[in-house]
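Participant: Let me see the structure of the following:
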Amino acid sequence: MTGKPKLHYFNGRGRMESIRWLLAAAGVEFEEIYIKSAEDLDKLRNVNVSIQARSSQMYSLSPTPWVLLPAVMRLHDSKENLIGISQVEQAAIEMASLVSCQLLLAVNPSIFLTTETSEFRAKVARETPEPRPGHEEVLKSHGQDYMVGNRLSKADVLLVELIYNMEELDPSLTANFPLLKALKTRISNLPTVKKFLQPGSQRKFPLDAKALEEAKKIFRL
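Facilitator: Take a look at the predicted model:
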């Protein structure tokens with residue numbers, strides 16, 4: 001693959017955020033082309049087939065970029081091995097990643113997240129049984145530094161993204177899970193992830209009122 005991946009999305013966290021996390025963790029530099037109007041979105045939707053067929057660039061279209069997530073990461077697995085080496089590892093990573101993706105959707109029920117929705121999201125996070133007990137138990141059971149195969153995988157990255165989301169709402173949500181907190185620290189200190197967590201990076205945060213109105217216009221809501 002030549003050239004930087006290009007992510008087409010609106011200027012917000014949304015469901016694209018996990019792809020940003022994964023590419024950043026893999027050390028893959030990427031460009032963002034922001035959808036600024038409903039007309040921009042229509043144009044992308046009209047050329048959906050040709051966009052997905054291009055091998056030199058990666059695109060993800062709202063409102064359902066999740067379907068492209070495995071394809072995005074598999075373009076880099078030979079270099080970074082974020083999806084595992086053996087078939088057993090790959091299956092375990094896919095299963096753990098799916099759980100984190102589902103929980104991210106539960107904690108972040110809409111792409112139009114704002115600071116005003118934080119109370120509702122915190123309630124959902126407190127009532128969600130995972131990832132705290134389940135993932136803590138996995139880490140405890142094998143005593144290794146990472147979720148699968150004792151090496152960094154997308155299962156770790158997506159779980160840490162989820163932890164950040166939960167702690168953003170209520171820091172106490174992970175207070176009783178030392179292995180999860182240790183995993184978060186370990187992944188956060190990786191040079192690629194540390195760079196992504198710095199101010200001014202391509203990491204996104206909940207929308208403010210002005211950005212929310214702009215997003216609604218894009219999606220005609």
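Participant: E32: helix or strand, and which one exactly?
Facilitator: Using DSSP states H and E, E32 sits within strand 31-34.
Participant: Could you measure from the residue nearest to S201 when sequence neighbours are not counted over to K217?
Facilitator: Computed as C-beta to C-beta, 6 or more residues apart in numbering, the closest residue to S201 that is not its neighbour in sequence is K195, at 6.5 Å. Just so you know, the C-beta spots here come from the backbone N, C-alpha and C atoms, and that holds for glycine as well. Distance, K195 to K217, by C-beta to C-beta, to the nearest Å: 32 Å.
Participant: Next, the buried residues of the host helix or strand of M166.
Facilitator: Here M166 sits within helix 154-169, counting by DSSP H and E. Residues 154-169 are the ones in helix 154-169 that count as buried (16 or more other C-beta atoms under 10 Å).
Participant: now swap in stretch 184-203 and tell me
Facilitator: Residues of stretch 184-203 classed as buried by neighbour count (16+ other C-beta under 10 Å): 184, 187, 190, 192-193, 196-197, 202-203.
Participant: Send me it as PDB with only the CA atoms.
Facilitator: The C-alpha trace of stretch 184-203 is given here as PDB (Å, rounded to 0.1, in the frame of the first residue of the first chain):
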ATOM      1  CA  LYS A 184      -4.100   1.200  30.500                       C
ATOM      2  CA  THR A 185      -0.800   2.600  31.800                       C
ATOM      3  CA  ARG A 186       1.300   0.100  29.800                       C
ATOM      4  CA  ILE A 187      -0.500   0.800  26.500                       C
ATOM      5  CA  SER A 188      -0.600   4.500  27.100                       C
ATOM      6  CA  ASN A 189       3.200   4.600  27.500                       C
ATOM      7  CA  LEU A 190       3.800   3.000  24.200                       C
ATOM      8  CA  PRO A 191       5.400   5.800  22.000                       C
ATOM      9  CA  THR A 192       2.800   5.600  19.300                       C
ATOM     10  CA  VAL A 193      -0.100   5.700  21.700                       C
ATOM     11  CA  LYS A 194       1.500   8.300  23.900                       C
ATOM     12  CA  LYS A 195       1.800  10.600  20.900                       C
ATOM     13  CA  PHE A 196      -1.900  10.000  20.100                       C
ATOM     14  CA  LEU A 197      -2.900  11.000  23.600                       C
ATOM     15  CA  GLN A 198      -1.100  14.300  23.500                       C
ATOM     16  CA  PRO A 199      -3.000  17.600  23.000                       C
ATOM     17  CA  GLY A 200      -3.200  18.500  19.300                       C
ATOM     18  CA  SER A 201      -3.300  14.900  18.000                       C
ATOM     19  CA  GLN A 202      -6.000  13.400  15.800                       C
ATOM     20  CA  ARG A 203      -7.800  12.000  18.900                       C
END
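Participant: I am finished for the moment; much appreciated.
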